[in-house]
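**Q** generate a structure from the sequence data that follows.
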Amino acid sequence: MKLKFKTQAYQTAAVQAVVDCFAGQPAATAEAMSYRIDPGTGKRNTEDLFADGFKNAEVKLSERQLLENLQKVQRHQNLPISDVLVKVSPLNLDIEMETGTGKTYCYIKTLFDLNKLYGWSKFIIVVPSIAIREGVAKSLAITAEHFLEAYQKKARFFIYNSKQLHHLESFSSDAGINVMVINVQAFNATGKDARRIYEELDDFQTRRPIDVIAANRPILILDEPQRMGGDKTMASLVNFKPLMVLRYSATFKEPFYNKVHRLDALDAYNQKLVKKIAVRGIAVKGLAGTS
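**A** As a prediction, the model looks like this:
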């Protein structure tokens, strides 16, 4: 069986809301993306196959330009207008989408559009559990052909594993779209595996995995951030040195940062995107009071 995907207007609107926040950002040049990958102590005297890396180019827009773009998007969406850019990381954007409306598809499509328009190519999808992590990886796999037809590109993706750090070399050295999927416990817990991302490892040329990741200035996509531990997780995300953070959820708990799109439960129902749920009452008649 082969799944077929089609473009939905409401999903395109969610993608466009993010993309429009960077109107005027120039497409990345090779010079802006290139950098030298730290070879580690084990490779300093040898020819390093992965010496040349490709990172996300910096945002060239000023804070004033970003705020003006953000306010324009918010007016178009009839959202509360931000007076200032709320920055927990360098830039945070919130996208509210009701469960069942294709949130995962939307942020995958968004990363393709960000690459097409601005040249950004390094993305990390952060999820709250292993089950969701596997689901996201499956979505990336089954939509690959669909997006290949639309963008003539495929995204290389992998699930972060502290025992398979060679994937980080490919993530850093490849100039195409690269996506790492990681569950929050892999860097925000007290277990041995979680600590490895911050440690200098002999089997990784005495480098810290977090440093190799951060050198790429990745765009972080948070799936259901309200399930990730709040302030502690946001503090941990700083270590990734993200270019920006995009947060996708149906039920944000904390105050919004810079909301650029809203498709709530009522909107989803009115557009016939989700089924209506009705509650039927039960009445019991003819029983004695002691029954």
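**Q** in the protein, where is pLDDT below threshold?
**A** For the chain, residues meeting the criterion pLDDT under 70 lie at 1-4, 6, 42-50, 88-89, 230, 254-256, 264-291.
**Q** mind listing what the residue nearest to the spatial centre of it touches?
**A** The residue at the geometric middle of the chain, judged as the C-alpha nearest the mean C-alpha position with CA atoms, centre = their mean, is residue 221 (1.4 Å). For residue 221, the residues meeting the contact criterion (CB atoms under 8 Å, 6 or more residues apart in numbering) are 107, 110-111, 123-126, 246, 248. No exception for glycine: its C-beta is placed from N, CA and C like everyone else's.
**Q** change it to 7 Å
**A** Contacts of residue 221 were listed using CB atoms under 7 Å, 6 or more residues apart in numbering, and they are 107, 123, 125-126, 246, 248.
**Q** tell me which two of these sit farthest apart.
**A** Of all pairs drawn from the contacts of residue 221, the widest gap by CB to CB lies between 123 and 248 and measures 12.7 Å.
**Q** so between the two, which is more surrounded?
**A** residue 123 (29 against 24; other CB atoms under 10 Å).
**Q** any idea how far residue 240 is from the more buried one?
**A** 11 Å (CB to CB, to the nearest Å).
**Q** next one: residue 116
**A** Distance of residue 116 to residue 240, computed by CB to CB: 23 Å.
**Q** who has more neighbours, these two?
**A** Counting neighbours by other CB under 10 Å for residue 116 and for residue 240 shows that residue 240 has the greater number, 22 against 16.
**Q** wouldn't that one be in contact with residue 213 here?
**A** Yes - taking CB atoms under 7 Å as the definition, residue 240 is a contact partner of residue 213 at 6.1 Å.
**Q** find residues that contact each of the two.
**A** Common neighbours of residue 240 and residue 213, using CB under 7 Å, 6+ apart, do not exist here.
**Q** what about the helices in the stretch 101-250 of the chain?
**A** Using DSSP state H, counting those that start in this stretch, the helices of the stretch 101-250 of the chain run over residues 103-118, 130-142, 144-151, 166-173, 192-196, 209-214, 231-237.
**Q** same list (those helices) but as JSON lines, adding distance to residue 185.
**A** Below are the helices of the stretch 101-250 of the chain laid out as JSON lines (distance: least, CB to CB, whole Å):
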{"stretch": "helix 103-118", "distance to residue 185": "20"}
{"stretch": "helix 130-142", "distance to residue 185": "8"}
{"stretch": "helix 144-151", "distance to residue 185": "27"}
{"stretch": "helix 166-173", "distance to residue 185": "18"}
{"stretch": "helix 192-196", "distance to residue 185": "6"}
{"stretch": "helix 209-214", "distance to residue 185": "15"}
{"stretch": "helix 231-237", "distance to residue 185": "10"}
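**Q** buried deepest among those helices, which one?
**A** Each of the helices of the stretch 101-250 of the chain was scored by mean neighbour count; the highest is helix 103-118, a mean of 21, by mean count of other CB atoms under 10 Å.
**Q** packing partners for it?
**A** In terms of contacts (3 or more CB pairs under 7 Å, 6 or more residues apart in numbering; DSSP states H and E), helix 103-118 is packed against helix 9-20, helix 130-142, helix 144-151, strand 244-249.
**Q** out of the ones you listed, which comes closest to residue 39?
**A** Closest of these to residue 39 is strand 244-249, at 28.2 Å (criterion: CB to CB).
**Q** what residues does the closest one touch?
**A** Under the criterion CB under 7 Å, 6+ apart, residues 18, 89-97, 103, 107, 219-226, 237 lie in contact with strand 244-249.
**Q** buried members of those residues into ChimeraX, please.
**A** Isolation of the buried members of the contacts of strand 244-249 (16 or more other CB atoms under 10 Å) is achieved in ChimeraX through the command below:
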select :18,89,91,92,93,94,95,96,97,103,107,219,220,221,222,223,224,225,237
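**Q** in contact with residue 259, which residues?
**A** Residue 259 sits in contact with 79, 94, 96, where contact means CB under 7 Å, 6+ apart.
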